[in-house]
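Asker: kindly return the folded structure for what I paste below:
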Amino acid sequence: MPTRFIASFRKKLSLLNVSQWLYFIAIFILLMQDDQNIDQISELLWVGAIAGIGLIRELWNAFNRIWEHLLGKGLILVLYAATANFALAISALKINVITGIEPGPFIFTLGFATLIMLPFWMLLSTVVFFSVVLIAANLWLVIGVLLRIVRVKIQMHWEDKSFVFITMILRLVLIPYVIVSIVFIALPYARQIEIFEQSITFFKSAVQEGEENQQNDNVEISGQDSDDVTITINNRPLILSTLEEDQTKWLDKLIAGFVYHFETYPKSACQKLTNQRSLPIDENLVLLVTENDSELGYEFSVGPCKGNFPETE
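Answerer: Coordinates of the predicted model:
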């Protein structure tokens, strides 16, 4: 009996796919952590990263299966077209915040800002899309397991051939760690894209409300007296630091520099100072940009367009 059991167990192990091995490695690292040891936060992020690779591999296969159908192609194209349009709108708002005028005259800057912001929004929409697919696939798997009890077999969309139920449990356990890892990776970039006023204050108030209403034994979100937010998973604190509101963002500097060097002109039909570059807004107004020693590096102002005509006697 022991020999037969070992042989059967080895056969099941041989049927494990790459994602299942990654889940087992991630859960092994997780079980080895000391709940009271805060210095192991980086290893908890490794848990999310390893499990995330497994999830991405499986969801990529699901993505390919969806893409094979005409309806799937349509849904995916609509999703990314909507994402691109949203990124374009955010870029226009970002330019407005930096320059202080409507983004209409900034033909090249609008494309540049959209280009550097689009990867973040594509990542965000992909995570949302894959999360929906993951939830739907796991629900389908649960239904399939329940139906097999009454000897009704339905086609499974996961590639698991052994330890199917255990793998499903591991996915559900590891998803919070994957989400936290994605937040840690995306948060520095998300800080740069922030354009809405008092968004950090709103986020803190939402966190404080979540502290009162959303606490459970596994995941807890809490606010601190400082600008930090703590996400606690299974008694393991992970601290997210928010950006101070008066700190200049490198993305703002990059866009402002692009406006100065590539969108505005050193010579103009309107009167201006020698060290200023200009961009016509309409027939009456002109945008003037001056390079200075401020945190942003540039000063934007609007002035009347007075014709730069040579004086004649």
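Asker: where does the stretch 151-300 of the chain have low pLDDT?
Answerer: 152-158, 194-248 (pLDDT under 70).
Asker: strands of that one, residue ranges please.
Answerer: Counting by DSSP state E, counting those that start in this stretch, the stretch 151-300 of the chain has strands at residues 219-223, 228-233, 236-241, 276-280, 285-291, 298-304.
Asker: which residues make contact with the last one from outside it?
Answerer: Right, strand 298-304. With contacts defined as CB atoms under 8 Å, 6 or more residues apart in numbering, strand 298-304 is touched by 98-101, 256-257, 259-260, 270, 272, 281, 284-292. C-betas here are computed from N, CA, C, even on glycine.
Asker: neighbouring strands of that strand in the sheet, and parallel or not?
Answerer: Here the strand partners of strand 298-304, with direction, are listed using DSSP bridges: strand 285-291 (antiparallel).
Asker: give the contact list for Phe63.
Answerer: Phe63 makes contact with 76, 130, 133 under the criterion CB under 8 Å, 6+ apart.
Asker: what packs against whichever helix in the chain runs longest?
Answerer: With residue count as the measure and DSSP state H as the assignment, the chain has helix 107-149 as its longest helix. Using 3 or more CB pairs under 8 Å, 6 or more residues apart in numbering; DSSP states H and E as the contact test, the elements touching helix 107-149 are helix 41-67, helix 70-99, helix 164-193, helix 250-258.
Asker: one more time with 6 Å
Answerer: Taking 3 or more CB pairs under 6 Å, 6 or more residues apart in numbering; DSSP states H and E as contact, the helices and strands that helix 107-149 lies on are helix 70-99, helix 164-193, helix 250-258.
Asker: tell me the angle that helix makes with strand 276-280.
Answerer: Interaxial angle of helix 107-149 relative to strand 276-280 (axes from the mean of the first three to the mean of the last three CA atoms, to 10 degrees): 70 degrees.
Asker: next, the angle from helix 107-149 to helix 70-99.
Answerer: Going by the same axes, to 10 degrees, helix 107-149 makes 140 degrees with helix 70-99.
Asker: just want the angle from helix 107-149 to helix 41-67.
Answerer: What separates the directions of helix 107-149 and helix 41-67 is an angle of 80 degrees, with the same axes, to 10 degrees.
Asker: now helix 107-149: how far from the chain's centre is it?
Answerer: Helix 107-149 has its C-alpha centroid displaced from the chain centroid by 11 Å (CA atoms, centre = their mean, to the nearest Å).
Asker: same deal with stretch 257-271?
Answerer: Worked out by CA atoms, centre = their mean, stretch 257-271 lies 34 Å from the chain centre.
Asker: can I get the CA coordinates of that stretch in CSV?
Answerer: What follows is stretch 257-271 as a C-alpha-only set of coordinates in CSV (Å, rounded to 0.1, in the frame of the first residue of the first chain):
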residue,chain,number,x,y,z
GLY,A,257,10.4,70.2,-20.6
PHE,A,258,8.8,68.7,-23.7
VAL,A,259,6.5,71.8,-24.0
TYR,A,260,9.5,74.1,-23.7
HIS,A,261,11.8,72.4,-26.1
PHE,A,262,9.5,70.9,-28.7
GLU,A,263,6.1,72.7,-28.5
THR,A,264,7.1,76.3,-28.1
TYR,A,265,9.2,78.5,-30.4
PRO,A,266,12.2,80.8,-29.8
LYS,A,267,10.9,83.3,-32.3
SER,A,268,7.4,84.7,-32.6
ALA,A,269,5.3,87.2,-34.4
CYS,A,270,4.2,88.4,-31.0
GLN,A,271,6.4,90.6,-28.8
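Asker: so which bits of that stretch are buried?
Answerer: For stretch 257-271, burial by neighbour count (16 or more other CB atoms under 10 Å) applies to 258-260, 263-264, 268, 270.
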